[in-house]
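Q: Sequence plus predicted model, see below.
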Amino acid sequence: MTAPMVELRGVHKSFGPLAVLRGIDLSVAPGEVTVLLGPSGSGKSTLLRTINHLEKVDRGVVRVDGELIGYRRSGNRLHELPERLVLRQRSRIGFVFQSFNLFGHLTVLENIVEAPISAQGRDRATVVAEAHALLERVGLADKADEYPRRLSGGQQQRVAIARALALRPALLLFDEPTSALDPELVGEVLDVMRDLAGSGTTMIVVTHEIGFAREAADTVVFLDEGRIVEQGPPDQVLDAPREVRTRAFLSAVRH
Amino acid sequence: MTSTAVETRSTAHDPPESDLADLVITPARHPWRWAATAVVAVLVAMAVNALVTNPAWDWPTVGQYLFAPSILRAVWLTVVLTVLGIVIGFLLGTVLAVMRLSPNPLLRSVSWSYIWIFRSVPLILQLLFWYNLALLYRSLSFGIPFGPAFFEFETMDLVSPLTAAVLGLALHQAAYAAEVVRAGFLGVDQGQLEAAAALGLPRWRRFRRIQLPQAMRTIVPTAANELIGLVKGTSVVYIMALSELFYQVQVIYTRTGRVIPMLLVATAWYLALTTVLSVGQFYVERHYAKGALRTLPPTPLQKLRAAVRRAS
């Protein structure tokens, strides 16, 4: 068995009195696609955000590619890393937001090349060439010089995926990437994600798209009330769920 | 009610359905606009008449002094005071705004206290304090706090009236600028910062490349307001006998007794200065609207060209 790409051990997180994550243990192998399912408020977005340290955990550890995220261990203690090092860890993890969060004052191309140049210090000419190739890959080769506001939601999200890929990330995180889209635009984004899943990128996806989970996921994880209720291959979790809560959730999203 | 109902319903006189696509669309007419334009035109004519025909305005004297060397020097000093005041004010103001938004409680309270003091004391009092600094502290020294000094200056030499004026204007302006800049930063969508953080952009880069340009959309109109306020606000320094525009016209009219024409000279110059700034504001706003608007508003030049094209 190979070392996991992502490993969470006993992760707890509260917002004030509200315990959002209550002891999460999760392991994702390299090249695997993991889909997180669960009712709203179950903690799936928070879980995703702890993986690139957008949320600090209260207890437990997160490791990506063997490296502790956000902390340095010495003996029995975890010391918070300086921001500079956290940023360096983040620049190896791509994150795609529900609301795209493209930089509105920059063109599509500038959005994509910004982080590789200024966070990773790579050469501009190479990065620009790569950016054009990425736009080609997400089917937007002709939109390089447009401003995000002039694109449809589906196009914006595909640019956001290209922006995340430009970092050459070891891991891609998707936080409900199709939830802000009109129904007819969902397909184009899922197509790009399916293509990525097929190419062996490690992905963790929070979504309500059961169809995507069934086709593309290696593992489906069902969360409820801050705990992992059930996990396994899609045909097991989606078609023959063992837990009552999983069954209730699945019948609610299907109808 | 019944009449509109009849009008909107098809009648026997309407063309058949197949021709509906060929109907010509006529824009709505605005007869009241023409009436209002006529009224305004008459009022403007009356105002111009009152200004031109009344000899008390003394236009020949206005013309004589408008470009007099002493007035031009005074205008230049006004411009210098404004530029120094706004540049130093906004640089310091931006630092204060960043401090005020920082997670560090010490920086936050220093910034808060600065803004509190410098907004609370009237500008004219602040100017007088700086002007009279030499009375409070004979000399200023640079060295180890509470210990020996490396350099020592006579306050009188260091703080000339001009320095006092620039200090007073800039430090006062900084307190207002800080709030203008802070409002701009608060207006930037939280998602933008999250995306920048998730991409691992370094802090300074995040500030320069992501936050500031988007904050400028909100900052520019208010900053332009502040700038135009400061052009006229510089007239306060006349109490320090600095020969900026307002002081200079007073000097001239106390000598010649021609009060009204000299006030007109000052008015004309303040108008000219703010006009230049307003035009500049339009272009700066347009620059920062890139990406925020689907299409940028046309410049006056583009509008003119379009009008000429329509007419020909």
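A: Perfect, thanks for sending it. Numbering: from 1, shown residues only, chains lettered A, B, ... in the order given.

Q: Quick one: end-to-end distance for stretch A:212-226.
A: Distance between the two ends of stretch A:212-226: 23 Å, counting by Cα to Cα, to the nearest Å.

Q: Can you give me the buried ones in it?
A: Neighbour-count burial for stretch A:212-226 flags A:212-213, A:216-217, A:219-224, A:226 (criterion: 16 or more other Cβ atoms under 10 Å in any protein chain shown). Yep, even glycine has a C-beta here, placed from its N, CA and C like the rest.

Q: Including distance to chain B and pLDDT, could the residues you listed go into CSV?
A: Shown next, in CSV, are the buried residues of stretch A:212-226 (distance: Cβ to the nearest Cβ, whole Å; pLDDT from 0 to 100):
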residue, distance to chain B, pLDDT
A:212, 22, 92
A:213, 23, 93
A:216, 22, 91
A:217, 23, 94
A:219, 23, 95
A:220, 25, 95
A:221, 21, 96
A:222, 25, 95
A:223, 21, 94
A:224, 26, 93
A:226, 22, 93
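
Q: Go through those and flag which are in helices.
A: Counting by DSSP state H, the part of the buried residues of stretch A:212-226 found in helices is A:212-213, A:216.

Q: what residues are up against residue 216?
A: Since you didn't name a chain, this refers to chain A. Contact analysis of residue A:216 by Cβ atoms under 8 Å, 6 or more residues apart in numbering or on different chains lists A:33, A:35, A:193-194, A:197-198.

Q: Chain B was what I was after
A: B:184, B:288.

Q: Swap in 6 Å and give it another go.
A: With contact set as Cβ atoms under 6 Å, 6 or more residues apart in numbering or on different chains, residue B:216 has these partners: residue B:288.

Q: And the pLDDT at it?
A: On pLDDT, residue B:216 comes in at 91.

Q: What separation do you get for it and residue A:132?
A: Distance check for residue B:216 against residue A:132: by Cβ to Cβ, to the nearest Å, it reads 29 Å.

Q: My guess is residue A:146 contacts residue A:108. True?
A: Yes: assessed by Cβ atoms under 6 Å, residue A:146 is found in contact with residue A:108 at 5.4 Å.

Q: Look at residue A:241 and give its secondary structure.
A: coil (DSSP: H, G, I helix; E, B strand; the rest coil).

Q: Test my guess that it contacts residue A:247.
A: Yes: with contact defined as Cβ under 6 Å, residue A:241 reaches residue A:247; the gap is 4.9 Å.

Q: What is the burial count for residue B:201?
A: Residue B:201 has 24 neighbours, counted by other Cβ atoms under 10 Å in any protein chain shown.

Q: ok, and for stretch A:180-193, which residues are buried?
A: Residues A:181, A:185-186, A:188-190, A:192-193 are the ones in stretch A:180-193 that count as buried (16+ other Cβ under 10 Å).

Q: for stretch A:201-212, that is, sorry about that
A: A:201-207, A:209-210, A:212.

Q: Dump the residues you listed into TSV; add secondary structure as well.
A: Shown next, in TSV, are the buried residues of stretch A:201-212 (three-state DSSP):
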residue	secondary structure
A:201	coil
A:202	coil
A:203	strand
A:204	strand
A:205	strand
A:206	strand
A:207	coil
A:209	coil
A:210	helix
A:212	helix
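
Q: tell me the pLDDT at residue B:12?
A: You'll see residue B:12 listed with a pLDDT of 55.

Q: re the thing from before, could you check which of residue A:241 and residue A:247 has the larger neighbour count?
A: Remark: of residue A:241 and residue A:247, residue A:241 carries more neighbours, 20 against 14, as counted by other Cβ under 10 Å.

Q: and the one helix or strand residue B:86 maps to, average pLDDT?
A: Secondary structure assignment for residue B:86, by DSSP states H and E: helix B:69-100. If you average the pLDDT over helix B:69-100, you get 95.
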